[in-house]
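> Provided below for reference: sequence and predicted model.
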Amino acid sequence: MDRVRRVRRPRSVLALLTAALLAVPGITALSSAARAADADLAKNGGFESGLDSWTCTAGTTVDSPVHGGSSALQATPAGSDNAQCAQTVTVQPNAQYTLSGYVRGSYVYLGANGTGTTDVSTWTQSAPDWQKLTTTFTTGATTTKVTVYTHGWYGTGAYYADDISLVGPGASTGQPPAAPAGLRTGTVTSSSVALSWSAATGATGYAVYRDGVKVQTASGTSATVSGLAPSTAYSFQVTASNDAGESAKSAAVTATTTAGTGGGSTDLPAHALVGYLHASFANGSGYTRMADVPDSWDVIDLAFGEPTSATSGDIRFSRCPVTECPNVESDADFKAAIKAKQAAGKKVLISIGGQNGQVQLTTTAARDTFVSSVSNIIDTYGLDGLDIDFEGHSLSLNANDTDFKNPTTPVIVNLISALKTLKAKYGSKFVLTMAPETFFVQMGYQYYGTGKWGGQDPRCGAYLPVIHALRDDLTLLHVQDYNSGPIMGLDNQYHSMGGADFHIAMTDMLLTGFPVAGDANNVFPPLRPDQVAIGMPASTNAGNGYVAPSEVTKTLDCLTKKTNCGSYPTHGTWPALRGLMTWSVNWDRYSGWEFQKNFDAYFG
């Protein structure tokens, strides 16, 4: 590795004289009054509160090795990431600060940016044991904030940091804002309550309390609290905050969640692995018999049921022919294997659509045919439910259809009606899942249908009214986080496939909720975490967007533990996240069960 060598220069005579003078008792560089005003401004510098106050691209906290206390930072650089952890600190202009910290590892850096004068850093090439790094800087005439950071070097292994401090004059932060006024409830579902309030003067952020416990933060004057139990009364309050601190709590409001209809009542395990089984084709990965699907797979989606024509609503399911799948089992063995899976607690569904199965229920006749034909498939094979995998041009919105809560487009309205009919027919144990592409869901944060002035793709966000209408009937939503273009997250930054960051951002949107087409008065409420699984390709052969097992682990760590997060700031922690979906069981078998093994290792 090529590094710029630092030349050691002789200390000047002036520097030596200064050092000698400072050694004389009674002569100091700073007055005692100035020293008395100094404070440690770094928050959570010992990482005792996890990564609170820090933003890390590839960091977590560990209990060994530590320099002080019970925790330290461990961060692991990759080939294209130096694993930086940083926090922004409020400072005074024209003031001197000392940044220090203890580090271990190879090529560990400690520094400060945005000083207003000369940004500084210090580093060590090798620290087999804890080593203290120290640097100083003076802020500029208008500088009120600086960013302190630590990072490693690309691909050189994990580094550790602990007891980071920034010592200098504390900034005058003024007074905390007053408590927010006007707290009120909005949309209430079986699992969420929407809240809004009036802006507090001088506030830079807000916190939401549920029954006296802080549950989330917000940058604006609205939030939706999710993960609630049906038919339960809750009390909510909010506070406002700025650099000076947090206000008193607002007056409380109460809300009682609705009863719901059992969308999450099926007996899935706490963390489920969902996979598509190529039951009607081989697709280059080879045919996998139902009996040969390992027990790790909790939900098995039979791919695919397809319509006789795009608008007929008549769905047919054909087994893979012997000419394409020489090892295909008989219908009798196939049905027996399904029963065996169900006896072991697994769910087997028919998935409708796929890349080639365009389904457009343009009429009520097509809707009724859809219900009867899908029922016939479910009854013939004794299945547990239905997966909706409508892609391509199956769903789009008419030009005057602008409210996802009250859709008017026939293909949307008829699909909702058909799914509600099937749910009612088979009862609360009926498993209903959906596998939309990001274009039809998260893209709705920016665009919905053709837009107010027309010209947009009418498919943008077209799944949102279906998901919303069926949220109390929906068992699982597993958006396909693959074969996707860049999508804007709630941080208003575009996120692209290829790493954990994309999956974290896309899933956070589902669990946090988001304004549709940027309209703060038209918010898509969050889903419960037990209703959400993350869709990923099983291998590089399976689709664009494959990520290695380490990135899958980062995704799960961030969303369920709020550790190992990257650049995207999540809006909560969801240990009840249901699990993972992959395309497909066949491709995972083809690649040595890599996806399944990683899931099993993570969730035990």
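Happy to help now that I have it.
> can you pull up the most central residue in this protein?
Ile504 (2.9 Å; CA atoms, centre = their mean).
> look up the pLDDT of that one for me, please.
We have a pLDDT of 97 for Ile504.
> for it, which three-state class applies?
Under DSSP: H, G, I helix; E, B strand; the rest coil, Ile504 falls in the helix class.
> what's it in contact with, if anything?
Ile504 sits next to Lys554, Thr555, Cys558, Leu559, Cys565, Gly566, Tyr568, Thr570 when contact means CB atoms under 8 Å, 6 or more residues apart in numbering. In short, each C-beta sits where N, CA and C put it, glycine included.
> ranges for the helices of the stretch 351-500 of the chain?
Taking DSSP state H, counting those that start in this stretch as the criterion, the stretch 351-500 of the chain carries its helices at 364-381, 410-426, 464-469, 500-512.
> ok, Ser396 - contacts?
Counting by CB under 8 Å, 6+ apart, Ser396 makes contact with Thr409, Val411, Gly449, Pro458, Arg459, Ala462.
> quick one on the thing from earlier: now the residue nearest to the centre of the chain: how far from Asp600?
22 Å (CB to CB, to the nearest Å).
> and for Pro230?
32 Å.
> show me where the stretch 501-604 of the chain has strands.
For the stretch 501-604 of the chain, the strands defined by DSSP state E, counting those that start in this stretch occupy 514-515, 523-524, 533-537, 579-583.
> so which of these gets nearest Ala179?
Closest of the strands of the stretch 501-604 of the chain to Ala179 is strand 523-524, at 23.5 Å (criterion: CB to CB).
> give the other helices and strands that that closest one contacts.
Applying 3 or more CB pairs under 8 Å, 6 or more residues apart in numbering; DSSP states H and E, we find strand 523-524 packed against strand 514-515.
> who does the strand it packs on pair up with?
Using DSSP bridges, the strands paired with strand 514-515 are strand 523-524 (antiparallel).
> centre of the chain to the strand it pairs with, how far?
Distance of strand 523-524 from its chain centroid, counting by CA atoms, centre = their mean, to the nearest Å, is 17 Å.
> what segments of this structure are helices?
For the chain, applying DSSP state H gives helices covering 13-22, 32-37, 331-343, 364-381, 410-426, 464-469, 500-512, 549-561, 585-590, 594-603.
> ranking these by mean pLDDT, which is last?
Note on the helices of the chain: helix 13-22 shows the lowest mean pLDDT, a mean of 38.
> which residues does Pro515 form a beta bridge with?
The partner residues for Pro515, given DSSP bridges, come to Val523.
> residues near it, how many?
Using other CB atoms under 10 Å, Pro515 is surrounded by 17 other residues.
> what of Val523?
By other CB under 10 Å, 21 other residues sit near Val523.
> which residues touch it?
When contacts are counted by CB under 8 Å, 6+ apart, Val523 touches Gly186, Thr187, Ala194, Ser222, Thr224, Gly513, Phe514, Pro515, Val516.
> then Leu228?
Leu228 makes contacts with Ser190, Ser191, Ser192, Val193, Tyr234, Thr257, as judged by CB under 8 Å, 6+ apart.
> how near is it to Ser428?
Separation of Leu228 from Ser428 (CB to CB) stands at 19 Å.
> check Gly182 too.
Using CB to CB, one gets 39 Å for the distance from Gly182 to Ser428.
> which of the contacts of Val523 lies closest to Ala343?
Within those, distances to Ala343 taken as CB to CB reach their minimum at Gly513, with 38.3 Å.
> burial measure for that closest one, as a count.
When counting by other CB under 10 Å, one arrives at 22 neighbours for Gly513.
> any low-confidence regions in the stretch 451-600 of the chain?
Within the stretch 451-600 of the chain, the set of residues satisfying pLDDT under 70 is empty.
> so which pair among the contacts of Leu228 is furthest apart in space?
Farthest pair in these, by CB to CB: Ser190 and Tyr234, 12.4 Å.
> give me the common contacts of the two.
Common contacts of Ser190 and Tyr234 (CB under 8 Å, 6+ apart): Leu228, Thr257.
> for stretch 179-194, measure first residue to last.
Terminal residues of stretch 179-194 lie 19 Å apart, using CA to CA, to the nearest Å.
> for the residue lying closest to Gly449 once chain neighbours are set aside, list the residues it contacts.
Distance criterion CB to CB, 6 or more residues apart in numbering; nearest residue to Gly449, sequence neighbours excluded, is Leu397 at 3.6 Å. For Leu397, the contacting residues are Pro407, Thr409, Ile412, Tyr448, Gly449, Thr450, Pro458, Arg459, Cys460, Gly461, Ala462, by CB under 8 Å, 6+ apart.
> Tyr445 and Ala194: what is the separation?
Counting by CB to CB, the gap from Tyr445 to Ala194 is 16 Å.
> I meant Gly353, not that one.
Gly353 is 31 Å from Ala194, by CB to CB.
> compare these two (neighbour count), which wins?
Applying other CB under 10 Å to Gly353 and Ala194 shows that Gly353 carries more neighbours, namely 24 against 20.
> what residues are bridge-paired with that one?
Asp389.
> neighbours of Ser373, just the number please.
Ser373 has 20 neighbouring residues, counting by other CB under 10 Å.
> can I get the contacts of Ser396 in a markdown table with distance to Gly489 and neighbour count?
Formatted as a markdown table, the contacts of Ser396 follow (distance: CB to CB, whole Å; neighbours: other CB atoms under 10 Å):
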| residue | distance to Gly489 | neighbour count |
| --- | --- | --- |
| Thr409 | 27 | 20 |
| Val411 | 28 | 25 |
| Gly449 | 21 | 29 |
| Pro458 | 23 | 20 |
| Arg459 | 20 | 21 |
| Ala462 | 20 | 29 |
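> returning to that earlier point: including distance to Gly535, could the helices of the stretch 351-500 of the chain go into CSV?
CSV is the format used below for these (distance: least, CB to CB, whole Å):
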stretch, distance to Gly535
helix 364-381, 22
helix 410-426, 19
helix 464-469, 14
helix 500-512, 9
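> which one of the ones you listed lies nearest to Ser198?
Across these, Ser198 has its closest neighbour in helix 500-512 (21.8 Å, CB to CB).
> tilt between that closest one and strand 579-583?
In terms of direction (axes from the mean of the first three to the mean of the last three CA atoms, to 10 degrees), helix 500-512 departs from strand 579-583 by 120 degrees.
> okay, helix 500-512 in PDB with CA atoms only?
These are the backbone C-alpha positions of helix 500-512, laid out as PDB (Å, rounded to 0.1, in the frame of the first residue of the first chain):
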ATOM      1  CA  ALA A 500     -27.000  -3.300   2.600                       C
ATOM      2  CA  ASP A 501     -27.800   0.500   2.300                       C
ATOM      3  CA  PHE A 502     -30.400  -0.100  -0.400                       C
ATOM      4  CA  HIS A 503     -32.300  -2.800   1.600                       C
ATOM      5  CA  ILE A 504     -32.100  -0.700   4.700                       C
ATOM      6  CA  ALA A 505     -33.500   2.400   3.100                       C
ATOM      7  CA  MET A 506     -36.300   0.500   1.200                       C
ATOM      8  CA  THR A 507     -37.400  -1.400   4.300                       C
ATOM      9  CA  ASP A 508     -37.300   1.600   6.600                       C
ATOM     10  CA  MET A 509     -39.800   3.300   4.200                       C
ATOM     11  CA  LEU A 510     -42.300   0.500   4.700                       C
ATOM     12  CA  LEU A 511     -41.900   0.400   8.500                       C
ATOM     13  CA  THR A 512     -41.900   4.200   8.900                       C
END
